[in-house]
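Asker: This is a predicted model, with the sequence first.
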Amino acid sequence: MTSPSRHEPFVRPVNVRLSGDDATVRFITQLLTDNLPALSGGRIQAGHVSRPYPNRSDPGSRVYLDLYVRDEQEAT
């Protein structure tokens, strides 16, 4: 007898780099961490946010953001 197919959660990490003027980077980082879970129906969660690093050749700063994308894959 075979069991019915079921789906198990599968999480994929995504690393994002945001770069620009300091205020915009802070704003976009806050916007993503606060709203992405609700906008994605809980499929995307924000993880670690790095401290701001000064850009080497451009003005402003950069921030690294870890996102976790939850997907479902069929269990075998």
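Answerer: Now that the structure is in, tell me what you want to look at.
Asker: Tell me how far the residue most central in space within the chain lies from S40.
Answerer: With the centre of the chain defined as its mean C-alpha position, the nearest residue by Cα atoms, centre = their mean is L67, 2.1 Å away. According to Cβ to Cβ, to the nearest Å, L67 and S40 sit 10 Å apart. For every residue, glycine as well, the C-beta is placed using N, CA and C.
Asker: With P13 instead?
Answerer: Distance from P13 to S40, counting by Cβ to Cβ: 15 Å.
Asker: More neighbours: which of the two?
Answerer: More crowded of P13 and S40, by other Cβ atoms under 10 Å: S40, with 13 against 9.
Asker: V14 versus that one, what's the distance?
Answerer: Distance from S40 to V14, by Cβ to Cβ: 12 Å.
Asker: Give me the pLDDT value at L67.
Answerer: On pLDDT, L67 comes in at 96.
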